[in-house]
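Novice: requesting a structural model of the entry that follows:
(2 chains)
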Amino acid sequence: MNFRFKRIQTRLLFFLFSLLLLVLGPVYILVNSQNFENALTVISSDLEIGAANFDATISRRNESLAIAADALSADFAFKQVYATNDHATILSAMENLLYRVDNADFMVLIANNNLIIADTKQPAVEGEAPTWINLIEQARELDRQGEYPEAAGIVVIDEQPYHLTVLPFLNPDIEAWVAMGFAIDQAFTQEFKDSISADVTVLFKSEGGLWQSNASTVSSVVKNEVLSRFSLMNMDFDQTNVSTFAGEEFVSLAQPIVAGTDSVYVLLQRSLSEQLAPYEALSRTLLTIFALGFVALIVGVLFISRTVTRPVLELVSGAKRIEAGEYQQKVIVENEDEIGQLATAFNGMAEGLAEKEKIRSLLGKVVSKEIADELLSKDIELGGEEREVTILFSDIRGFTTLCEGKSPQDILSLLNEYFSAITKVIEAHGGVVDKFIGDAVMALFGAPLVQTNAASNAVAAGLDMLNALEGVNQRFAARGIAALDIGIGINTGRVVLGNMGSESRLNYTAIGDGVNIASRIEGLCKEKGAALIVSESTMSQAPEFSYQELGEVLVKGKRESLKIYQPGLVTKQS
Amino acid sequence: MKTLFLITALCFSPLVYAGSLTVSVHDQYGEPVYDAIVYIQTINGKIPESVPESSVVIDQRDEMYVPHVRATTIGSLVDFPNSDDVQHHVYSFSAAKTFELPLYLDVPAEPVLFDNPGLVVLGCNIHDHMRGYILVLDTPYFVEIEEGQGAIQNVPAGNLELRLWHPRLEIEIELTQQIPLGENESLSLAFDVQLLPERMVRRAPKRGKKRY
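Specialist: Numbering: from 1, shown residues only, chains lettered A, B, ... in the order given. Take a look at the predicted model:
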């Protein structure tokens, strides 16, 4: 994708934000994933320790019960009681003994024929077989093998799992069996939870094959999900695993409470989110740092871009003002950096431009606009070029007479009015007033800029000058001033054009025979009685006009004679 | 599992009136058996007359009953001297005889009368491992097997109901066999019995804890 940023601010923001993201993003992801891994490892290890602990706790309790049962089986007083064959007495003695044993919930005495002699849990029961004969058989088998006949296991009685230990009643040979049990109930799970800080759920398979729980430290919602998953057998609980219960992630580990008995399990769980809570605080701190970094970044970018773009925009508007020709207003930039330097240079440039424009405008007044442009367009140097131009000379006849009886101010004003009128005409026809010489005007056509129809322009200008003079004379007449009479000479010839004078002061002008001839021709006007005379060379280059030949004249200082003409229109008018 | 009960009857020669039984007993490993009692419960369906024994002694030595197994006739008086330095408390809660001789040294004042047939298991109230057996019989024809051998003399001819008892018989009941015995006949009988290992009467110490 090819992005183009319209603003430096956006570019900076994008760049710095990308940089921030590139540095902090991986840090954040790494920290988070490490935290998760760590929490998982910690919980898994804790749960495995917890499971071992559970085994040890069960085993310890069992051992204390076994010791008690063992003591009972060797108790002489109990043998005497047993010999009474009196159910009530035997039961009473058993209850008495049970009372001495911590953590034991019930005690059963079973005869060698596997029938209950007395059961503290069901005082009325006598002569029935318990559901856990298998434990007695296990013990009996050990006896057969010459080992001490002791068996332990987990049994579910009335939807309550019990841990049961079975030992022989020695009188002094085995005459009966003593069983002692403790309930794995809510109190047990709670106590165990407190010691391993993991949630504990006891699960057992009911007769219908569905799993039930009689004791759990998790919420009932979580417990129900655990039960349904156990019932569906869709959990691999033998290893620690992470799964979601009631929207909360738990690490879980299950094992049979007694190895080999797959119908009663203990499930240890710890909430992953609780474990992650301190890490989440860290994560939040990181995010806050990121956010603060981002805000600082925006502020920084705004600040930097303001210091860059504002002066740049200021420079842009400055440049636009200059384009529009306003040089006076300076660009104000307070920076001292490169942009400050740029602004200073810009202002310098503007000053230079203003100066140049001022000169150009002044020059345009002193010299003609075209000459001024010519002068400004290239390096001013002495010397020039030789080429063909058309030169127009005009002169007021009888100027000296005219001046008589008039103040110099009046004369100057009169001249200025006249010059303004004819200058306008000359310029209108592409001519350039080269200089005013007293009451005379010298104008160039085809210089400083080359014109293809310079001669025609000059002739047209001469004719128009005469027309313009009529207008001037009418205004003079209104003011009681005598009419002016002028003569105009036009010649086309090769001249030298350029700056002439000294190093410190020079004029752009034309010199050469072409100029002299124009001046001479102008001088002939009075003699020939014509207001406008052009040389042969001019006539031949301006064929669109009608001419009247005025003869061949010998110009002063020239060996060859020269044909002169009066443009036709002029004749008509005069 | 059924006990293999093998009887080899060898007839040999003719003395008069009464015959005799020679019994050899071996266990499942072919080892000679101790502490077994072989006795004739009936002859031709009748329990023979017996007379009480006069000087039955079960000693207590090194915290053991000596002999470990003893058969005697009904009505016998048994003395329980204590040859140890520590006192013993002899007791039995067996149906054939319930009695106790509270802690004592040397010889108790009175012998104990065994006036009902049946097995009497002896224990000691203060020594759980002490075990003794007295088989009270209503027949005078019995022998205590030592080193796998024993003999019953002067047995009247007839159909004998022969029984074998041992405290560790696998099937936990007596072996019974009908044997015809001719006059002046000497029978040699061989029993191969299936015995359980010695019974463990103490819990094994757990997790390194010394419990006794």
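
Novice: tell me the confidence at residue A:453?
Specialist: On the pLDDT scale, residue A:453 is placed at 88.

Novice: how near is it to residue A:387?
Specialist: Applying CB to CB, to the nearest Å, the value for residue A:453 to residue A:387 is 15 Å. C-beta coordinates here come from the backbone N, C-alpha and C atoms, glycine included.

Novice: please apply the same query to residue A:500.
Specialist: Distance from residue A:500 to residue A:387, by CB to CB: 16 Å.

Novice: ok, residue B:161 next?
Specialist: Residue B:161 is 170 Å from residue A:387, by CB to CB.

Novice: ok, these two, which is more surrounded?
Specialist: Higher neighbour count among residue B:161 and residue A:387: residue B:161, with 19 against 14, using other CB atoms under 10 Å in any protein chain shown.

Novice: secondary structure element for that one?
Specialist: Per DSSP states H and E, residue B:161 falls inside strand B:158-165.

Novice: please name the strands paired to that strand in the sheet, noting orientation.
Specialist: In the sheet, strand B:158-165 lines up against strand B:36-43 (antiparallel), strand B:175-181 (antiparallel) (DSSP bridges).

Novice: tell me which element residue A:98 is part of?
Specialist: helix A:87-100.

Novice: what comes up buried for that helix?
Specialist: Residues of helix A:87-100 classed as buried: A:87, A:90-91, A:93-94, A:97-98 (neighbour count, 16 or more other CB atoms under 10 Å in any protein chain shown).

Novice: got CSV for the residues you listed, with pLDDT and distance to chain B too?
Specialist: Conversion of the buried residues of helix A:87-100 to CSV gives the following (pLDDT from 0 to 100; distance: CB to the nearest CB, whole Å):
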residue, pLDDT, distance to chain B
A:87, 94, 17
A:90, 94, 13
A:91, 94, 18
A:93, 91, 14
A:94, 91, 17
A:97, 87, 17
A:98, 88, 19
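
Novice: quick check: mean pLDDT of stretch B:142-157?
Specialist: 93.

Novice: model confidence for residue 113, exactly?
Specialist: You didn't pick a chain, so chain A it is. 93.

Novice: switch to chain B, that's the one I care about
Specialist: Taking residue B:113 on its own, its pLDDT is 95.

Novice: cool, and residue A:215?
Specialist: So, for residue A:215, pLDDT stands at 91.

Novice: residue A:25 versus that one, what's the distance?
Specialist: Using CB to CB, one gets 46 Å for the distance from residue A:215 to residue A:25.

Novice: what's next to the helix holding residue A:98, contact-wise?
Specialist: With contact meaning CB atoms under 8 Å, 6 or more residues apart in numbering or on different chains, helix A:87-100 is reached by A:68, A:72, A:75, A:77-78, A:81-82, A:84, A:104, A:106-107, A:109, A:117-120, A:123, A:126, A:180.

Novice: A strand includes residue A:533, no?
Specialist: Yes: counting by DSSP: H, G, I helix; E, B strand; the rest coil, residue A:533 falls inside a strand.

Novice: would you agree it is in contact with residue A:524?
Specialist: Yes: shown here, residue A:533 and residue A:524 form a contact pair, counting by CB atoms under 8 Å, at 5.7 Å.

Novice: neighbour count winner among those two?
Specialist: residue A:533 (29 against 19).

Novice: tell me the first helix or strand C-terminal of whichever strand or helix holds residue A:192.
Specialist: Counting by DSSP H and E, the element that carries residue A:192 is helix A:186-196. Downstream of helix A:186-196, the next assigned helix or strand under DSSP H and E is strand A:199-205.

Novice: which helices and strands sit right next to that following strand?
Specialist: Counting contacts by 3 or more CB pairs under 8 Å, 6 or more residues apart in numbering or on different chains; DSSP states H and E, strand A:199-205 packs against helix A:186-196, strand A:211-216, helix A:220-232, strand A:264-271.

Novice: quick one: contacts of that strand?
Specialist: A:54, A:156, A:159, A:161, A:184-185, A:188-190, A:192-193, A:211-218, A:223, A:226-227, A:230, A:250, A:254, A:257, A:262-271.

Novice: quick one: strands adjacent to it?
Specialist: Strand A:199-205 has these strand partners (DSSP bridges): strand A:211-216 (antiparallel), strand A:264-271 (antiparallel).

Novice: how about it as PDB, C-alpha atoms only?
Specialist: Provided in PDB are the C-alpha atoms of strand A:199-205 (Å, rounded to 0.1, in the frame of the first residue of the first chain):
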ATOM      1  CA  ASP A 199     -11.100 -26.000  45.500                       C
ATOM      2  CA  VAL A 200     -12.100 -29.600  46.400                       C
ATOM      3  CA  THR A 201     -15.000 -31.600  45.000                       C
ATOM      4  CA  VAL A 202     -15.800 -35.100  45.900                       C
ATOM      5  CA  LEU A 203     -17.500 -37.100  43.100                       C
ATOM      6  CA  PHE A 204     -19.000 -40.500  43.100                       C
ATOM      7  CA  LYS A 205     -20.800 -42.600  40.600                       C
END
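
Novice: what's the average pLDDT for that strand?
Specialist: Mean per-residue pLDDT for strand A:199-205: 90.

Novice: mind listing what's buried along that strand?
Specialist: Neighbour-count burial for strand A:199-205, counted by 16+ other CB under 10 Å, picks out A:199-205.

Novice: up against chain B, what does chain A have?
Specialist: Proximity of chain A to chain B is confined to A:63, A:66-67, A:70, A:74, A:76, A:79-80, A:82-83, A:143-150, A:167, A:170-173, A:175 under the rule CB under 8 Å from any CB of the partner chain.

Novice: just the buried residues of those.
Specialist: Using 16+ other CB under 10 Å as the burial test, the residues of chain A next to chain B include A:63, A:66-67, A:70, A:74, A:76, A:79, A:82-83, A:143, A:148-150, A:167, A:170-173, A:175 as buried.

Novice: so which of these are in helices?
Specialist: A:63, A:66-67, A:70, A:76, A:79, A:82-83, A:143 (DSSP state H).

Novice: closest to residue B:44 out of the residues you listed?
Specialist: The shortest approach to residue B:44 among those belongs to residue A:83, at 37.9 Å (CB to CB).

Novice: ok, what's across the strand from the closest residue to the closest one other than its chain neighbours?
Specialist: With sequence-adjacent residues excluded and distances taken as CB to CB, 6 or more residues apart in numbering or on different chains, residue A:83 is closest to residue B:93, at 4.5 Å. Beta-bridge partners recorded for residue B:93 (DSSP bridges): residue B:98.

Novice: do the same with residue A:255
Specialist: residue A:266.

Novice: got the contact list for it?
Specialist: Contact analysis of residue A:255 by CB under 8 Å, 6+ apart lists A:51, A:54-55, A:237-238, A:265-266.

Novice: now do 7 Å
Specialist: Counting by CB atoms under 7 Å, 6 or more residues apart in numbering or on different chains, residue A:255 touches A:51, A:265-266.

Novice: so how far is residue A:264 from it?
Specialist: When distance is defined by CB to CB, residue A:255 is 10 Å away from residue A:264.

Novice: anything in contact with each of these two?
Specialist: With CB under 7 Å, 6+ apart applied, the contact sets of residue A:255 and residue A:264 do not overlap.

Novice: would you mark the buried spots in stretch A:149-167?
Specialist: Quick answer for stretch A:149-167 (16+ other CB under 10 Å): A:149-157, A:160-167.

Novice: in the worst-scoring helix or strand of chain B on mean pLDDT, what's buried?
Specialist: Least confident helix or strand, chain B: strand B:175-181 with a mean of 84, by mean pLDDT, DSSP states H and E. Residues of strand B:175-181 classed as buried: B:175, B:179, B:181 (neighbour count, 16+ other CB under 10 Å).

Novice: state the distance from the spatially closest residue to residue A:248 that is not a sequence neighbour to chain B.
Specialist: Distance criterion CB to CB, 6+ apart; nearest residue to residue A:248, sequence neighbours excluded, is residue A:271 at 5.8 Å. In this view, residue A:271 and chain B are 34 Å apart by CB to the nearest CB, to the nearest Å.
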